[in-house]
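K.L.:
Fold the following for me, if possible:
(one chain, ligands or ions: 1)
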Amino acid sequence: MEATFGLILSSIVVAASLTWAAKLLNTFWLRPRKIEKLLREQGLGGNPYRLIVGDMTDFMKSINEEQPKSIEISDAHMPHVLAYEHRIISTYGGGNCFYWLGPWARLVVTDPELIKEIVRRFDVFVRPFPELTRTLVGGGLLSAEGEEWVKRRKIVDHAFHVDKLKDMAPRIVLSCSLMIQKLKAAAATSCELDVWPFIEDLTGDVISRAAFGSSYEQGTRVFELIRQRVDLTMPLLQFFYLPGYKYLPTKSNRKVKAISSEMKTILRGVIHMREKAMERGEDVPKDDLLGILMENSKNGGLMSIEDVIEECELFYLAGSKTVAGLLVWTLVMLCAYPEWQTQAREEVNRVFGNSEPALQGLHHLKIVTMILQEVLRLYPTNAVIYRCSSEEVKVGNVTIPAGVHLSLLIGLIQTDPKIWGDDVNKFNPERFAQGVAKATNNQPVFTPFSSGPRMCIGHNFAMIEAKLAIATLLQHFSFQLSPSYKHAPFALYKLRPQYGAPLILRPLH
Ligand code: HEM
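P.N.:
This next block holds a predicted model:
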């Protein structure tokens, strides 16, 4: 009896080990080799697959080498920001070539029409590594797919409707005037200031007030946790491509889990407080993002409270780091090209005089809009959009096997001299004087918010916030680059100035 039991047990162990070994062989050798063959047969160039690590060692080395560097403002900065992709493209003579994220082929795409088609086919091209996204950003829209995404997008779209944004605008104005007070207090001591932390506080305050009806100070711990999580991006990036890595009890994995759990507890508390206030019949905001989402979770509605928590977590990050990037690069460009600073200030004074900027006047800000568009062209916060094919699919004349990752290099397209002319690296908002369609010749070559069904849901919100913030700043200060400013854009999660943005601020009144 015992012998039979032992035999059965060892057979199970042998069978399980064989299955496991077959899976490993397939993941790390057979599958990558098959995909490589399929890609090469179509004439696509790329690095040969190297067992298990693929290009990861070289990829990380290139990030570590490039990241500390600073460059000239007039330099082409995408070869620095997207160093590894740039190297692959240069090696294989143009777009549509590939390298390896461990055992995963990553196709680099620089053809605008192909990118348009890929982002349109959201049913086939999904966001890659949803687990990593959930770990680093929280769940919600960004990592949802299929029916679940359709349901969530519909609800969240409603929260970003123009009517709702109208109600949120006064809260953005309030955040802007609080920032001006802080800047004035700091500039009274020294006119040279690193404005980056002020900008980060502003965008944090805006999303706290507009989304959750609370202030940045109340959300301080959330933003501290977000900062810690962003800092973990690099350690996690090195290994996340290994299947099962997330289950290993590494220091980074443990830390990121602890952050996630604390974040959810805080957000649950925020929601709980709002529920209690509603039960007591208090006058709580119903038109902020939280109010709208909670409305959809009431009485067994379309969203559960856990779904609401996930979306809130995502808004905190997606809604703050992105706009902060847009604002800080705008200030840097207005310093580097002071003639545009003068023109923008004159326009703001014409439209608002000495009054606080308000939503109603924003459509008169033509020059400010052109400036923001030019900044988004040169410094798109998401210089790359990532996708993964969930099944074999043909786009253009390329057949993409299932499980291929794609880097859609919008940052490179937006700085391609063949499209934008020889002065492509020059900050020249004039390009957008006749609108985006004219500037792009109706080509899909300017997509800082992406395009298609999964386009940025917060793009109107972001543009309203950016216009209000820049208009307020121009009314109160003139700006100049400090001699200590180092131009070092780098995409650590989002495109940001690595050494901050020390500027010389002069109060105007
Ligand atoms: C300058 C500011 C911003 C830029 C440049 C930007 C850019 C983008 C881009 C390129 C995407 C598409 C990514 C992809 O397809 O993989 C995206 C998606 C998204 N963005 Fe933004 N964003 C900005 C501001 C915001 C704000 C203010 C919010 C919210 C308050 C927000 C929330 C989101 C969400 C939830 C998604 C996912 C949409 C979906 O998958 O359905 N973004 N953003």
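K.L.:
Setting aside sequence neighbours, what's the nearest residue to R134?
P.N.:
Nearest residue to R134, sequence neighbours excluded (Cβ to Cβ, 6 or more residues apart in numbering): S143, at 5.1 Å. (Each C-beta comes from the backbone N, C-alpha and C, glycine too.)
K.L.:
That neighbour: neighbouring residues, count only.
P.N.:
By other Cβ atoms under 10 Å, the residues close to S143 number 22.
K.L.:
residues in contact with it?
P.N.:
Contacts for S143 (Cβ atoms under 8 Å, 6 or more residues apart in numbering) come out as 127, 130, 133-134, 137.
K.L.:
repeat for P103
P.N.:
If you count contacts by Cβ under 8 Å, 6+ apart, P103 has them with 27-28, 31-32, 49, 52, 54, 241.
K.L.:
so the residue nearest to R134 sits in a strand?
P.N.:
No - membership of S143 in a strand is not supported by DSSP: H, G, I helix; E, B strand; the rest coil, which gives coil.
K.L.:
measure it to E113 for me?
P.N.:
Distance, S143 to E113, by Cβ to Cβ, to the nearest Å: 27 Å.
K.L.:
hmm, back to that, tell me the predicted confidence for the residue nearest to R134.
P.N.:
Looking at S143, its pLDDT is 88.
K.L.:
What separation do you get for it and V126?
P.N.:
Separation of S143 from V126 (Cβ to Cβ) stands at 9 Å.
K.L.:
Flag every residue of the stretch 351-500 of the chain that's near the ligand.
P.N.:
Counting by Cβ under 6 Å from any ligand atom, the stretch 351-500 of the chain comes close to the ligand at 381-382, 385, 448-450, 454, 456-458, 461-462.
K.L.:
Not counting its neighbours along the chain, what's nearest whichever residue of the stretch 1-150 of the chain sits closest to the ligand?
P.N.:
Residue of the stretch 1-150 of the chain nearest the ligand, by Cβ to the nearest ligand atom: L141 (4.3 Å). Leaving out its chain neighbours, the residue that sits closest to L141 by Cβ to Cβ, 6+ apart is R152, at 5.3 Å.
K.L.:
wait, what's in contact with the one you found?
P.N.:
Neighbouring residues of R152 by Cβ under 8 Å, 6+ apart: 140-141, 144, 303, 307, 311.
K.L.:
Where does the stretch 351-500 of the chain get nearest to the ligand, which residue?
P.N.:
Closest residue of the stretch 351-500 of the chain to the ligand, Cβ to the nearest ligand atom: G458 (2.3 Å).
K.L.:
quick one on the thing from earlier: and the helix or strand that the residue nearest to L141 is a member of with the ligand, contact?
P.N.:
Using DSSP states H and E, R152 sits in helix 146-159. Yes - for helix 146-159, a contact with the ligand is found by Cβ under 6 Å from any ligand atom, at R153.
K.L.:
That helix: which residues count as buried?
P.N.:
For helix 146-159, a neighbour-count test (16 or more other Cβ atoms under 10 Å) marks 149, 152-153, 155-156, 159 as buried.
K.L.:
Any buried residues in the host helix or strand of L468, and which?
P.N.:
Here L468, judged by DSSP H and E, is contained in helix 459-476. Residues of helix 459-476 classed as buried under the neighbour-count rule (16+ other Cβ under 10 Å) are 461-476.
K.L.:
My guess is P112 contacts N442. True?
P.N.:
No - P112 lies out of contact with N442 (Cβ atoms under 8 Å); the separation is 11.2 Å.
K.L.:
Looking at the two, which has the bigger crowd around it?
P.N.:
Per other Cβ under 10 Å, whichever of P112 and N442 has more neighbours is P112, with 22 against 9.
K.L.:
What ranges does the protein have for its strands?
P.N.:
Here the chain has its strands, by DSSP state E, at 97-101, 104-109, 125-126, 192-194, 385-389, 393-395, 398-400, 405-408, 477-481, 489-492, 494-497, 502-507.
K.L.:
nearest to D231, of the ones you listed?
P.N.:
strand 489-492 (8.5 Å; Cβ to Cβ).
K.L.:
on contacts alone, who are the packing partners of the closest one?
P.N.:
Under the contact criterion of 3 or more Cβ pairs under 8 Å, 6 or more residues apart in numbering; DSSP states H and E, strand 489-492 touches helix 78-81, strand 494-497.
K.L.:
Next up, the contacts around S260.
P.N.:
Contacts for S260 (Cβ under 8 Å, 6+ apart) come out as 135, 138, 229.
K.L.:
Would you format these as JSON lines with distance to C191 and neighbour count included?
P.N.:
Formatted as JSON lines, the contacts of S260 follow (distance: Cβ to Cβ, whole Å; neighbours: other Cβ atoms under 10 Å):
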{"residue": "T135", "distance to C191": "42", "neighbour count": "23"}
{"residue": "G138", "distance to C191": "39", "neighbour count": "25"}
{"residue": "R229", "distance to C191": "34", "neighbour count": "21"}
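K.L.:
what about the residue of the stretch 351-500 of the chain closest to the ligand, neighbour count?
P.N.:
By other Cβ under 10 Å, the residues close to G458 number 22.
K.L.:
do the same with W329
P.N.:
Residues contacting W329 under the criterion other Cβ under 10 Å number 24.
K.L.:
what do you get for E72?
P.N.:
The number of residues packed near E72 is 9, by other Cβ under 10 Å.
K.L.:
how much space between the residue nearest to it when sequence neighbours are not counted and Q341?
P.N.:
Nearest non-adjacent residue to E72, counting by Cβ to Cβ, 6+ apart: H487, 6.6 Å away. Plainly put, H487 is 17 Å away from Q341 if you go by Cβ to Cβ.
K.L.:
Find the residue closest to the residue of the stretch 351-500 of the chain closest to the ligand in space, skipping its chain neighbours.
P.N.:
Closest residue in space to G458, ignoring its immediate chain neighbours: G319 at 5.9 Å, by Cβ to Cβ, 6+ apart.
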